[in-house]
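J.: have a look; sequence and predicted model below, questions after that.
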Amino acid sequence: MTSKSSLTCEALLKKASARIDSDSPRLDAELLLSHITGLSRTSFRAWPEREVTDAHAEAFEALVQDRVAGRPVAHLLGQQEFWSLPLKVSASTLIPRPDTECLVEVALDLPLPRQARVLDLGTGTGAIALALASEHPEWQITACDAVAEAVALARDNADALGLTVSVVQSSWFSELTPGRFDLIVSNPPYIPDNDHHLKEGDVRFEPASALVSGRDGLDDLRLIVDQAPDWLLEDGWLLVEHGFDQAEAVAELFRARGFQDVETRQDYGNRDRMTLGRWCSGAAVITPAPNRGDADAQ
Ligand code: GLN
């Protein structure tokens, strides 16, 4: 009887939560126990005294040990929800973040044609492209990633969800079939290579290729902002995610390249997280006129 009482859901969750060192130990434990038992998280609240089999308790303990060692919950479950879509995840790409749902919301609010042509650069699991496809099945969505495993994963996710997205292997624009889009979205790597956050939490288990981008974190964003106009239709939009302290630098990249209506938007934590701009090739690019007098004097 005494040994059995330690196998109730509540007892297991309580013990596990006390060992897990994360921002959300109780949630982590509930997700892991739900994954093992097939019971819903609400059932743990409704029936805390429900007993768990020895086999389930053992399997749960193994996952808790991995979580205590730092492995992300998403990797342990093999899955992460994004925009209410269950997405398969793997160690070859970034785990979709809730804050990236804000980027999806901004994209959905843009004035776009009915059958918008959309490109998601560096799609990873396919999260952004698939969220957009779930809202607008009539959009023509292309997603690319440089990493072969990510391409396979994004295709798997699209198939599992029955959503149509064309996924191609390409490092940014390099391998894409020439064409133009109404909207280009991207959540590229944007963390500076010496950032101390890289040694903390889930990012330790995610590939640097999905996280890190040069000394100031802006190498990939510079390339994307620079090349996007060659792939945008008239009045097409570029919308990118970036670090909370990169908004000014990214907005400046947009303006210097000649984008119009450049704006920064916030994530769920009210941090500057996204910048967008409209491409209008006819707009006058304001460059200082050469000063003849000075030139002559040189
Ligand atoms: N926002 C993520 C983090 O801070 C990084 C995502 C990215 O580099 N695209 O962990």
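T.: Okay, I see it.
J.: please make it C-alpha for all contacts and neighbour counts, starting now.
T.: Will do.
J.: can you pull up the most central residue in the protein?
T.: Closest to where the C-alpha atoms of the chain average out (C-alpha atoms, centre = their mean) is Pro96, at 4.2 Å.
J.: any buried residues in the helix or strand Leu238 falls within, and which?
T.: For Leu238, the element it lies in under DSSP states H and E is strand 232-241. By neighbour count, with 16 or more other C-alpha atoms under 10 Å as the criterion, the buried positions of strand 232-241 are Leu232, Leu233, Asp235, Gly236, Trp237, Leu238, Leu239, Val240, Glu241.
J.: and the pLDDT at the fourth one?
T.: So the one you mean is Gly236. At Gly236, the predicted lDDT confidence score is 98.
J.: what sits against it?
T.: Gly236 makes contacts with Phe181, Asp182, Leu183, Ile184, Arg278, Trp279, Cys280, as judged by C-alpha atoms under 8 Å, 6 or more residues apart in numbering.
J.: quick one: the helices in this structure?
T.: Assigned by DSSP state H, the chain shows helices spanning 2-5, 9-19, 25-37, 41-46, 54-68, 73-77, 100-109, 127-135, 148-161, 219-227, 247-257, 292-297.
J.: which one of those lies closest to the ligand?
T.: Shortest distance between the ligand and the helices of the chain, using C-alpha to the nearest ligand atom, is found for helix 100-109: 8.0 Å.
J.: is any residue of the closest one near the ligand?
T.: No. Residues of helix 100-109 are not located near the ligand by C-alpha under 6 Å from any ligand atom, the shortest gap being 8.0 Å.
J.: list the helices and strands that helix packs on?
T.: Based on contacts counted as 3 or more C-alpha pairs under 8 Å, 6 or more residues apart in numbering; DSSP states H and E, the elements that helix 100-109 packs against are helix 127-135, strand 232-241.
J.: got the ones you listed as JSON lines, with distance to the ligand columns?
T.: Shown next, in JSON lines, are the helices and strands packed on helix 100-109 (distance: least, C-alpha to the nearest ligand atom, whole Å):
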{"stretch": "helix 127-135", "distance to the ligand": "12"}
{"stretch": "strand 232-241", "distance to the ligand": "7"}
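J.: burial count for Gly282?
T.: When counting by other C-alpha atoms under 10 Å, one arrives at 8 neighbours for Gly282.
J.: what about the residue nearest to the centre of the chain, distance to Arg50?
T.: Counting by C-alpha to C-alpha, to the nearest Å, the separation of Pro96 from Arg50 is 33 Å.
J.: for Asp220, same thing?
T.: Between Asp220 and Arg50 the distance, using C-alpha to C-alpha, works out to 51 Å.
J.: how about Ala146?
T.: Using C-alpha to C-alpha, Ala146 is found at 47 Å from Arg50.
J.: and stretch 152-172, end to end?
T.: 17 Å.
J.: the chain against the ligand: which residues are in contact?
T.: Proximity of the chain to the ligand (C-alpha under 6 Å from any ligand atom) is limited to residues Asn187, Pro188, Pro189, Tyr190, Ile191, Val203, Ala210, Leu211.
J.: need the max-distance pair from the contacts of Gly236.
T.: Greatest spatial distance in the contacts of Gly236: Ile184 and Cys280, 14.1 Å, computed using C-alpha to C-alpha.
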